[in-house]
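Asker: Give me a model of this one.
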Amino acid sequence: MTNVGSAAAAAQASIGNVVLGSTFAILQSAGAGGAGIAVVNTVVGATATAVAVGATAPGLVKAVREGREGGQHGEEVEDVLPEEEAPHGSGDNTALEGKL
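Answerer: Take a look at the predicted model:
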C-alpha cells in the first residue's frame with residue numbers, strides 16, 4: 001500500500017528505477033521494517049559514537065595539557081604528614097593516631 005502523495009512516492013517518481021542497495025532502497029526497506037533497518041541502525045550508532053568522541057576530545061586534550069603544564073589537575077598533592085612525623089617502613093602507625 002503506497003501513499004500517492006508521500007515523500008517516498010515523490011522521491012521514487014523523480015529518480016525512476018530504484019537500484020538495489022541504493023540509499024533510497026535501504027531507507028525504504030528500513031521504513032518498512034526490513035533488512036535496511038540494520039544498516040540504518042549501524043549508521044546512526046556510528047554517527048552517535050563519532051559525535052560523542054568529537055564532543056569529548058577537546059576536554060581530554062585540555063586535561064592532558066593541564067597535567068603536563070602543572071595546571072589545576074596536575075598539581076602535586078601535599079603529604080598528609082610532615083616528613084619528620086611520617087613513619088618510614090617501621091610499621092609503627094602511632095604517628096598517624098589523631099591526625100587522620
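
Asker: So which residues of the chain form helices?
Answerer: 7-15, 23-31, 36-69 (DSSP state H).

Asker: Make JSON lines out of these and add mean pLDDT and mean neighbour count.
Answerer: Every residue, glycine included, has its C-beta placed from N, CA and C. Formatted as JSON lines, those follow (pLDDT from 0 to 100; neighbours: other C-beta atoms under 10 Å):
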{"stretch": "helix 7-15", "mean pLDDT": "80", "mean neighbour count": "11"}
{"stretch": "helix 23-31", "mean pLDDT": "84", "mean neighbour count": "15"}
{"stretch": "helix 36-69", "mean pLDDT": "89", "mean neighbour count": "11"}
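
Asker: from memory residue 36 sits against residue 27, does it?
Answerer: Yes. In this structure residue 36 lies within contact range of residue 27 using C-beta atoms under 8 Å: 6.4 Å.

Asker: check contacts around residue 25.
Answerer: When contacts are counted by C-beta atoms under 8 Å, 6 or more residues apart in numbering, residue 25 touches 18-19, 36.

Asker: if you set the cut-off to 6 Å instead, what comes out?
Answerer: Shown in contact with residue 25 (C-beta atoms under 6 Å, 6 or more residues apart in numbering): residue 18.

Asker: How much space separates residue 55 from residue 49?
Answerer: 11 Å (C-beta to C-beta, to the nearest Å).

Asker: Mind listing the shared neighbours of these two?
Answerer: Common contacts of residue 55 and residue 49, defined by C-beta under 6 Å, 6+ apart, are absent altogether.

Asker: pLDDT score for residue 84?
Answerer: Residue 84 is assigned 58 on the pLDDT scale.

Asker: Next: the one 10 residues further on.
Answerer: The score at residue 94 is 60. That number is its pLDDT.

Asker: try the one 4 residues further on
Answerer: Per-residue confidence for residue 98 comes out at a pLDDT of 58.

Asker: cool, residue 35 as well?
Answerer: 82.

Asker: burial measure for it, as a count.
Answerer: Taking other C-beta atoms under 10 Å as the criterion, the count of residues near residue 35 is 10.
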